[in-house]
Every structure is written in structure tokens, then in C-alpha cells.
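> Build the 3D model from these lines:
(chains A and B)
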Number of protein chains: 2
Amino acid sequence: MAVYTDVAADELAEFLRQYDIGELLSYKGIAEGVENSNFLLHTTKGSFFLTLYEKRVARGDLPFFLGLMAHLAGHGIVCPQPVRMTNGEILSSLAGRPAAIIDFLEGVWPRKPNATHCAAIGQALARLHLAGGDFPMHRANALSVKGWRPLFAEAAPRADGVQAGLASFLAAELDQLEESWPTQLPGGVIHADLFPDNALFLGDQLSGLIDFYFACNDLLAYDVAICLNAWCFEADHSFNVTKARAFLNAYGRERALSEAEQEALPLLARGAAIRFLLTRLVDWLNVPPGALVKPKDPLEYVRKLRFHQSVASVRDYGLSASGAMA
Amino acid sequence: MAVYTDVAADELAEFLRQYDIGELLSYKGIAEGVENSNFLLHTTKGSFFLTLYEKRVARGDLPFFLGLMAHLAGHGIVCPQPVRMTNGEILSSLAGRPAAIIDFLEGVWPRKPNATHCAAIGQALARLHLAGGDFPMHRANALSVKGWRPLFAEAAPRADGVQAGLASFLAAELDQLEESWPTQLPGGVIHADLFPDNALFLGDQLSGLIDFYFACNDLLAYDVAICLNAWCFEADHSFNVTKARAFLNAYGRERALSEAEQEALPLLARGAAIRFLLTRLVDWLNVPPGALVKPKDPLEYVRKLRFHQSVASVRDYGLSASGAMA
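Next up, the predicted model:
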């Protein structure tokens, strides 16, 4: 929630000469995005997004992220298209940082998603999974099951200060997930962070999926589980089965979940919960005193995790086990 | 440098129904402005600025600020025009805060102002002073000479921790300024905070003066002194007489400084320096540990103040004492 790097106007104007996007009219640092510095540009040819990649994003991953966005946009997925420089390249540098220009997409993210939004996300996620099928690059998911133990080790000593008993709760859950995590389900490119603030709408119409900086190769159904957590719980942490049904049905109409994927869904949802729980917990424990940016509450994901532990079968998510929709 | 208040999309869409500015396409929180929450809106009718006034801005002052912007824009000053609601009002409320929509002005603020920029600012400042002549509202300047003693009292006990001897230096200066501060010079509406980041340019052309939230009634030449400090020193704190001459000459062509104003200029510039020195010092001493936002360096203004103490006459600023330009 901050611009980390300011850019001088003359430096930016010089940078923009590499592109064919017109003359600079204005640029404003955007107060969204914690990983990178983002600017909304107005030029004589329209609106664009300028991203400067700060140190939390590995430079070596940028061709994957930007290449994926270009690939998906070319396959009809509503996502920002990186703008090519006149030399054909996507990635440049500005103010000592890797930098790229991408199309600015109009739309607002839903602060209170409804079932229509959830259905649109289900459809778009399935299409994204299909469109990613022939994307030739590969990026391992550092935040999948193997990545959780080190995060837990970092957070464990002080976890009980956040909630009594949290460390042993997480330890037991982690043991189970590591033991039973599926390996044979269909894999591919996943978004891995498709929260409501990464989905733009104009009315009920999805106008863009954004922020592909966690995208990677992993189980497709794990991405479904991440969205189930991100879109189908209410502000009071109750699970909204109407939204889940809308989301899963819309997904299934584009790409049917296999029986094995459906059976694994409650476990994958527990994994998706512990993944965000652990990163939030580490952030929570490492926030500098007096910082203006309030970290996200890790306990929200404790509640979601407990819910999924209580789920008997995929039917509890509104999807019948046979694969036909309830 | 932060958005303090987030706004939900449906709440914003509802708010915008009070205006005739089209349908909402997108809105982004802007990472500029420390006092208020600012959003750049795209609608089907163009780009607009939405400001939510946070608690540091007194609600009672808003009619002055917004009325002044409307008045100046109506008098040919390049500044954002508040957008009226269909009921004719300028000021509304959103997310529990006073809120207003103003025109979005294209332009970029100069990180390294040159003499051409300084001349444009001189001309615009003089025109602003003239155009403000028949603005009917009045707002006292809380940060003029009478406002400095309380700031000093707050900062003094810890001032020497910032620079050895700073407290006694400031005490002596303050005594002198209070004793000799002019009262008979021409007064009127001043911007009072016309720093480079509050002036937008397209190339060398001024496209907008912004941020009128320190505007008030005070000595017009005090506003000139504030700009002299803000625009005519280099990054290494040396005074650039070429820029000062360009600024003062351009000002004088629109509104001639009287002999008394010219004679007072070195003293007014010391006052303008101590005003920003003191507010920055108070901010510096009160920044929470670990805060992401780095306060501005108060010592920059110690150096500017010392420079003005060494000035023998207005000639040192590039302006001849006779009123004719050097």
C-alpha cells in the first residue's frame, strides 16, 4: 500500500520513448499493491499502468509473469496486456528497477462480492486454466505444500502470542497436509492469488483479472480452493454455499472437475487456508511498530481452515460428488 | 503518502449519482497527499479527482478552500475546478467524511525545476494574488508569525537532538522575527504552500496549480518568499539566483512588488523558512518508529534560513532595490 520508488518526470518521458504510446500527460502513484510501485499514466493515446518491480519480486520470474499475461490476453482472457517496446521487448528498466508498461483496464473490484461475481470468477478461472495449457514456460509454486514448513518454523515461536494454542494447531494440521497432499491431480498454470481485489468488474461483468505476480505451475484444483476461500466466505467468516455453488458450477461448465479433484477439494481448501494463514502470520509478527500499513488478519484464515476441517465431502461446498451440479 | 479511507465501489457509485459526470469506470487511490485520501476516477465522461477530507483538515475551512478554487478557476487561473452536484452544492460526504469531486488536471510536477518553470510560477502566483482580490471569504493563516511560537515550544526540548544548538538558534531567530515582522504590506489570498509538487506542467507550460488546503489571507509578499524558498534552491541547498530572478521578474510583470515589499523580502524569506522548518521539525520529532513514511528533513530549512540571514538586500535575490529588474 505504498509507492516505494518515485520517478522523475523527465526520466519517465525518456523511458516512454521506447514505446509507441504517445506523449505523457500525467502519472500518479497508486496506493494499491504492496509488492511493487505502480503508476497510472495518462498519455495522448490513453491510460496505461507502469509497474516498477521492487526487490520482493525476483527479476528472473518477470519473463514468466509478463509472458503469461501476454499469452492469456492472446487467448481471450480478460487480463492486462503488456505493451511491447518498439524493439519488441516487454521488460525494460526505470529508476534502477525492472519496469513494464501494461494496458490499463477499467473496472472496480467488488468489496462485497455477490453470487454473480462468484460465477464470473468461476468461469474466468476455468478459462484461464485451459488457456494456460499451452503456455511454454514453467515456474514452481514456492508457496505450495513444501513451502509451508519453513514459514511455520519462522512463525511458530511467537504464534501463541497471536492466539493461544495456534502453534500446536498449525503443527498438527501441517503434518496431516504434508502426509496426504495429492500429487496425481491435473496441473498447469494457476493464478494463485485471485482475491476480489485482483478482479475488476463493470457492473456484474468481469472486465479484468489482474496481478499475476504469484502465478505459477501447480494443481489446477488448488487454484479453485484458493478462490473458494477468497470469494465464498462472508465478512463474519461464515461460508456462503450459494456463492460456492455459483462459483463451482460456473467453473465446471468450462472445465469439469474430475472425481479425484472433487474428492480432494476439502483437503486442498485446508492447504489454501494454511498458505495464506502462514504468510499473513509471518507478516503480522514482523510488522514494524508504528507502521502505517496494517497487515491482514491471520486469524481470518484460522476460521476458514477450521471450517474446511469440518467438511465431510465436496457436497458441503454445493457440488455433488458425482460431478453433476447440485 | 497514503490512502487513509477505502471506499466501496457501490458506495462510490451511489455517491456519484449526485453529480452529472457519467458512469464510474474505475477509481484508484493515489499515493500522494499526506492530509487527505485522494482517488483518481475514470468515468464515461472523463477523469476526475475525488478527495475525502481526513481529520487534519478542519471541516469549517472546506467552503473557503473549495470556494477559492471555484473563484480562481472562474478568473482564468489554471487550477482544478470543483464539480457541482446537480443540487448546486460543491461539498458532499462519503464514507463518513466530507468529500468533493474536482476536475482532474493533466500535467506532471517538476522534480528538477528550471528557470522556465520558475518564471511560470512567478507569473501564476501574481495572477493568483490579483484574482484573489475580490474573493469574499476570509481565513486567517494559522502558520504565520503568531503560529510559530507554539510550534517552537513543542519542538524545543528535543531540537538539539536533531542538530546541536538548534534550539537556541531558533529561539533567537524567532525573537527577531516577532519583533520586526511587517504588518503594513499588501495582503490578500495566498496559496501558502506552492511547492513544485503542487504545480503541474505539460512541457514548460504550467497546466495547473493544485492543493489549496493551506490557502489563507496573509501578506502577498510572504507567498512570494515561500516560493523563493521552494523553487530557487538547488538539491545541494545552494541558492540559484538565475531561477530567483526569473521567478521575481515574472511575478513583477503581473504585479509589481512595492518598495516596502522588496525591502521586507529577506525578512519574509526568513519567516517562510522558519515556518516550514518548525512544522517539519515537529513532524520529525513525532514520527512513530518504523513508520514507512519518512518525514521531510527539517535541516534543509535551517540552511535556507541561514542563507537569508546573510542576505544584505533584495539585490541578492536578483531583483534591484529600485523595482526595476536586474
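
> Which secondary structure elements does the helix or strand that contains A:A153 sit against?
Taking DSSP states H and E as the definition, A:A153 sits inside helix A:145-159. When contacts are defined as 3 or more CB pairs under 8 Å, 6 or more residues apart in numbering or on different chains; DSSP states H and E, helix A:145-159 packs onto helix A:166-180, helix A:259-285. C-beta coordinates here come from the backbone N, C-alpha and C atoms, glycine included.

> ok, the residue lying closest to A:V83 once chain neighbours are set aside - how many residues close by?
The shortest distance from A:V83 to any residue other than its chain neighbours is 4.3 Å, reached at A:I101 (CB to CB, 6 or more residues apart in numbering or on different chains). Other residues within reach of A:I101, judged by other CB atoms under 10 Å in any protein chain shown, total 25.

> Then A:L143?
Under the neighbour criterion other CB under 10 Å, A:L143 is assigned a count of 18.

> ok, which residues in the stretch 101-250 of chain A are in contact with chain B?
Neighbours of chain B within the stretch 101-250 of chain A, by CB under 8 Å from any CB of the partner chain: A:F104, A:L105, A:E106, A:G107, A:V108, A:W109, A:P110, A:R111, A:K112, A:L200, A:F201, A:L202.

> Drop anything exposed from those.
Using 16 or more other CB atoms under 10 Å in any protein chain shown as the burial test, those include A:F104, A:L105, A:G107, A:V108, A:W109, A:P110, A:L200, A:F201, A:L202 as buried.

> Can you give me the distance of the second one to A:T51?
Put plainly, it is A:L105. Here A:L105 is placed at a distance of 13 Å from A:T51 (CB to CB, to the nearest Å).

> One more: the fifth one?
Note on A:W109: its distance to A:T51, by CB to CB, is 17 Å.

> for chain A, what are the low-confidence residue spans?
Within chain A, the segments meeting pLDDT under 70 span A:1-4, A:33-34, A:288-294, A:320-326.

> residue ranges for the strands of it, please.
All strands of chain A, identified by DSSP state E, fall at A:24-29, A:37-43, A:46-52, A:92-94, A:97-103, A:187-190, A:199-202, A:205-209, A:216-219.

> Could you point out which of those strands sits nearest B:K28?
Between B:K28 and the strands of chain A, the shortest separation by CB to CB is 5.6 Å, and it involves strand A:37-43.

> by how many degrees do the closest one and strand B:46-52 diverge?
If you take axes from the mean of the first three to the mean of the last three CA atoms, to 10 degrees, strand A:37-43 sits at 140 degrees to strand B:46-52.

> close to chain B, is strand A:37-43?
Yes - remark: strand A:37-43 sits within contact range of chain B at A:L40, A:H42, by CB under 8 Å from any CB.

> could you say what helices and strands that strand packs with?
Right, strand A:37-43 is packed against strand A:24-29, strand A:46-52 by 3+ CB pairs under 8 Å, 6+ apart.

> what are the pairing partners of that strand, and which direction each?
With DSSP bridges as the test, strand A:37-43 is paired with strand A:24-29 (antiparallel), strand A:46-52 (antiparallel).

> ok, A:V145 - contacts?
If you count contacts by CB atoms under 8 Å, 6 or more residues apart in numbering or on different chains, A:V145 has them with A:L177, A:E178, A:W181, A:G271.

> quick one: which of those is most hemmed in?
Looking at the contacts of A:V145 with neighbours defined as other CB under 10 Å, the largest count falls to A:G271 at 26 neighbours.

> Please name the nearest non-neighbouring residue to that one.
The spatially closest residue to A:G271, leaving aside those adjacent along the chain, is A:L177, at 5.4 Å (CB to CB, 6+ apart).

> just A:L265 next, same as before
A:V314 (4.9 Å).

> I'd say the one you found and A:L267 touch.
No - contact between A:V314 and A:L267 fails when scored by CB atoms under 8 Å: they sit 10.5 Å apart.

> Who has more neighbours out of those two?
When neighbours are counted by other CB under 10 Å, A:V314 and A:L267 differ, and A:V314 comes out ahead with 23 against 20.

> quick one: that one and A:F307, what's the gap?
Counting by CB to CB, the gap between A:V314 and A:F307 amounts to 14 Å.

> go on, A:G29?
A:G29 sits 38 Å away from A:F307, taking CB to CB as the criterion.

> Confirm for me that A:N229 is in contact with A:L268.
No - between A:N229 and A:L268 there is no contact, the gap being 10.0 Å when judged by CB under 8 Å.

> how many neighbours does the residue lying closest to A:A126 once chain neighbours are set aside have?
Closest residue in space to A:A126, ignoring its immediate chain neighbours: A:E254 at 3.4 Å, by CB to CB, 6+ apart. Applying other CB under 10 Å, we find 15 residues neighbouring A:E254.

> list the contacts for A:E254?
A:G122, A:Q123, A:A126, A:R127, A:L130.

> In CSV, list these along with distance to A:D193 and neighbour count.
Output for the contacts of A:E254, formatted as CSV (distance: CB to CB, whole Å; neighbours: other CB atoms under 10 Å in any protein chain shown):
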residue, distance to A:D193, neighbour count
A:G122, 16, 27
A:Q123, 18, 19
A:A126, 17, 21
A:R127, 17, 19
A:L130, 19, 16
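
> Go through those and name the one nearest B:A250.
Set against B:A250, the nearest of these by CB to CB is A:R127 (58.4 Å).

> Tell me who's in contact with A:G187.
Residues in contact with A:G187, defined by CB under 8 Å, 6+ apart, are A:N217, A:D218, A:L219, A:L220.

> what does the domain assignment say about chain A?
Described in terms of automatic domain parsing, the domain architecture of chain A consists of the residue ranges A:9-103, A:115-317.

> Between A:G29 and A:F307, tell me which one has more neighbours.
A:G29 (22 against 19).

> Distance of that one relative to B:A199?
For A:G29, the distance to B:A199 (CB to CB) stands at 17 Å.

> do A:A31 as well
Summarising the geometry, the distance separating A:A31 from B:A199, computed by CB to CB, is 22 Å.

> okay, the two: which has more neighbours?
Between A:A31 and B:A199, counted using other CB under 10 Å, B:A199 has the larger neighbour count: 28 against 23.

> Which strand residues bridge the more buried one?
According to DSSP bridges, B:L209 are recorded as the beta-bridge partners of B:A199.

> ok, it - contacts?
Contact partners of B:A199, counting by CB under 8 Å, 6+ apart, are B:W109, B:P110, B:H117, B:A120, B:I121, B:A124, B:L206, B:G208, B:L209, B:I210.

> one more time with 10 Å
Under the criterion of CB atoms under 10 Å, 6 or more residues apart in numbering or on different chains, the contact list for B:A199 reads B:78, B:107-110, B:113, B:117, B:120-121, B:124-125, B:191, B:206-211, B:227, B:230-231.

> what's the answer for A:N141, then?
Going by CB under 10 Å, 6+ apart, the list of residues near A:N141 reads A:G147, A:G187, A:I190, A:A192, A:F214, A:A215, A:C216, A:N217, A:D218, A:L219, A:Y222, A:R275.

> Pick out the residue nearest the middle of chain A.
Per CA atoms, centre = their mean, the C-alpha nearest to the average position across chain A is that of A:D193, at 1.3 Å.

> Give me the distance between that one and A:P298.
Between A:D193 and A:P298 the distance, using CB to CB, works out to 16 Å.

> picking that back up, which one is the residue nearest to the centre of chain A nearest to, not counting chain neighbours?
A:F214 (4.0 Å).

> And that neighbour, its phi and psi?
Here the main-chain torsion angles of A:F214 (degrees, to the nearest 10) amount to phi -120, psi 0.

> Verify the stated contact: it with A:H191.
Yes - the pair A:F214 and A:H191 qualifies as a contact (CB atoms under 10 Å) at a distance of 7.3 Å.

> if you count what's nearby, which of those two comes out ahead?
Using other CB under 10 Å as the criterion, A:F214 and A:H191 rank with A:H191 on top: 26 against 20.

> That one and A:W231: what is the separation?
As judged by CB to CB, A:H191 and A:W231 stand 12 Å apart.

> what do you get for A:P182?
As judged by CB to CB, A:P182 and A:W231 stand 22 Å apart.

> Good, wrapping up.
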